[in-house]
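Asks: need coordinates for the following:
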Amino acid sequence: MQLPIMTLPRAVPVQRERKPKENIPQTRPERESVRTKLRQYVIDAKLVAPLSIADLRRHSEICVEQQGLAAIFTDYVGVLLNSEVWRDQLARVPYERRLLLLPKCMRIEDKCPAPFDEFGLLCKQCGLCTIQELQEEAERLGYAVLVAEGSALVMAIIETGKIDAIVGVSCLSVLEKAFPYMESAAIPGVAIPLLQDDCKDVTVDLEWIWETIHLTSDDATYRLNLDSLRGEVKAWFSDESLEEIMGPAPTQTEQIARAWLAKNGKRWRPFLTACVWKSMVDDPDVTVPISLKKLAVAAECFHKASLVHDDIEDNDDLRYGEPTLHSEQGVAVALNVGDLLLGDGYALIADCGLSAEQRIAISKVAASGHRTLCLGQGAEFQWAKAPSPLTSTQVLDIFRKKTSTAFEVALQFGALAADCDTAVCGIISRFSDALGVAYQIRDDLEDMVSGESLSDLKAMRPSLPLALLHERVRGNPQHRELVDRAWRKECSSEELEQVEKLFTEYQIGDRCRVLQESYKEEAIRCLTELENPSVKGLLRRVISKIFTVEVKDWCSEFETRNAAGRSPSPQAAR
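Replies: Predicted coordinates for the structure are as follows:
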């Protein structure tokens, strides 16, 4: 499918080197881990807002000790703990009764054209930083938004009686100064600390802000622990659970297939099946029934079967850092095991216990997904017979057929198991399309970082970085000839090293990130059409789980997100 052309986004600014803030965890996984544990602590300790500063300090010290954190994190934990105590009450406050308070230091100070008045920064929507994006989204929901600082201003706003909750983004020192005012007013307040206190071009966890401003009690899943759910899904692939779900595996062929199914993997597909189902049932805390487990395992059966066949077709020797199935068992055995896993997947659908209509619909989704994946793989084979440069649009179309389809199958399984309507299934289809492409682009980016960016060509796999590079070197005949020959697999090892250096020279990594964020944001935009807040909220958080990364730079991240206002396309990265 030809994607619409998108105009060139602004150049990504050069990231400034900054000294990390020592009393704040610098990676998102670390911060997520702290928040998850604090959320459970609030439940277990039955904490009720508002907490006094003395109580907050005491509980913070307990949490720091329990989590094995350094004492330097105590203030940070205190801010997060107070936010978790208020979280449920914030969720119950209508958006139009909330205030989003952003710090002016989020702007690019030496380039920002916005003036100030007594209420703070008057954003000119120049697109140089993320203030515009957050302000527009918050105001669309109904928030009042101020880009200002100072506890006196916060107190003045509270005293108007028009605001019942505040979401505040600021440095730890300002949040600590504002605490007494918030406590005395007993107003729900959730704080997101900046990752630096240097008051210029600061960094912040964008996903955290986005999640918080969308928090609503209408979403029955907002308290659902996705890490816990993912752990539960992974447990379904133990030997004991697989025997319960699939029955015994008496023959050697079945045992080989079962062992391959149980091998290491991210389990994103069965996790997605479980997530969608959880978001659509009346009680998201209900125990997952065996019917849903069968569908989730079926999704993984189809995925693992495709990996067996892919490894044979691509002549790969390793998978998950271990020998591939055909390397251990031979091609004939591996082909047969892959086919068996396909049969197991359809058998699980037939035996899942849902209505006949649901099983027919799920089988159609599986069969369509299987065909589309094969067409994507077939496109690779046709290219491999006579390698030549592919456009980025052609490469992304292969991603769409192979990866997006697998995500869609998993998501539709969960939706159909919950008996969703046709409109929701249509939105999920478009959501999956964008999500799968973004996911595959991330894989190509990881290959670039790891130095494996040219391994795809050696294995006869199309490469997005090389496609973008080919489009970028058109004005340089020497570079164009070199990249042409790389596509045709005619380069020596030394020449391939030269091609790899061109990735840096032409900023191909940045261009891939522009595309990744564009498709990721396209997936998010699809969710705005969902009327079910639980489905919308949970799928939004799923995106954050899949794309958990270390935050490098606030304003440069916006430049990739700046593409979100337009439909994603390869032209955006040129």
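
Asks: all helices for the stretch 301-450 of the chain, in order.
Replies: Ranges of helices in the stretch 301-450 of the chain, per DSSP state H, counting those that start in this stretch, are 325-329, 331-350, 356-385, 392-399, 405-417, 422-450.

Asks: quick one, which of the ones you listed is nearest to Arg461?
Replies: The closest of those to Arg461 is helix 356-385. By CB to CB, the value is 6.6 Å. (C-beta placed from N, C-alpha, C; glycine too.)

Asks: list the buried ones in that closest one?
Replies: Across helix 356-385, burial judged by 16 or more other CB atoms under 10 Å covers 358-359, 361-362, 365-366, 369-370, 372-373, 376-377, 379-380, 383.

Asks: ok, now stretch 234-250?
Replies: Lys234, Trp236, Phe237, Leu242, Ile245, Met246, Ala249.

Asks: which ones among those residues are found in helices?
Replies: Lys234, Leu242, Ile245, Met246 (DSSP state H).

Asks: quick revisit: need the max-distance pair from the buried residues of helix 356-385.
Replies: Gln358 and Trp383 (38.1 Å).

Asks: still on that earlier bit, turn the buried residues of stretch 234-250 into TSV, including distance to Gln66 and pLDDT.
Replies: As requested, these are exported to TSV (distance: CB to CB, whole Å; pLDDT from 0 to 100):
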residue	distance to Gln66	pLDDT
Lys234	24	94
Trp236	29	96
Phe237	30	95
Leu242	35	95
Ile245	35	96
Met246	39	95
Ala249	42	93
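
Asks: now, which of these sits nearest Tyr222?
Replies: Lys234 (22.8 Å).

Asks: measure that closest one to Ile546 for me?
Replies: 15 Å (CB to CB, to the nearest Å).

Asks: same question for Asn476.
Replies: Distance from Asn476 to Ile546, by CB to CB: 36 Å.

Asks: please identify which of these two sits among more neighbours.
Replies: Taking neighbours as other CB atoms under 10 Å, Asn476 and Ile546 compare with Ile546 leading, 18 against 14.

Asks: the more buried one: what's it in contact with?
Replies: Contact analysis of Ile546 by CB atoms under 8 Å, 6 or more residues apart in numbering lists Trp268, Leu435, Tyr439.

Asks: out of those residues, who has the most neighbours?
Replies: Most crowded among the contacts of Ile546, counting by other CB under 10 Å, is Leu435 at 29 neighbours.

Asks: show the low-confidence segments of the stretch 151-300 of the chain, by residue range.
Replies: Along the stretch 151-300 of the chain, the model assigns pLDDT under 70 to residues 151-155, 158, 177-185, 196-202.

Asks: tell me where it has strands.
Replies: 165-170, 189-193 (DSSP state E, counting those that start in this stretch).

Asks: mean neighbour count and distance to Ser388 added to those, as TSV?
Replies: What follows is the strands of the stretch 151-300 of the chain, written out as TSV (neighbours: other CB atoms under 10 Å; distance: least, CB to CB, whole Å):
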stretch	mean neighbour count	distance to Ser388
strand 165-170	24	49
strand 189-193	25	49
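
Asks: now those strands as CSV including distance to Lys401?
Replies: Shown next, in CSV, are these (distance: least, CB to CB, whole Å):
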stretch, distance to Lys401
strand 165-170, 40
strand 189-193, 39
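
Asks: relative to Ala70, which of those is closest?
Replies: strand 189-193 (16.2 Å).

Asks: and for the closest one, what's in contact with it?
Replies: 24, 76, 79-80, 82-83, 86-87, 90, 165-172, 175, 178, 182, 204-205, 208-209, 212, 215.

Asks: pLDDT (mean, whole number) over stretch 445-459?
Replies: The average pLDDT within stretch 445-459 is 65.

Asks: give me the nearest residue to Glu163, chain neighbours excluded.
Replies: One correction, residue 163 is Ile, not Glu. Distances taken as CB to CB, 6 or more residues apart in numbering put Leu99 closest to Ile163, at 4.7 Å, once the chain neighbours are dropped.

Asks: domains in the protein, by residue range?
Replies: Segmentation of the chain into domains, based on automatic domain parsing, reads 28-213, 226-573.

Asks: against Glu529, how distant is Gln507?
Replies: Gln507 sits at a distance of 34 Å from Glu529 (criterion: CB to CB).
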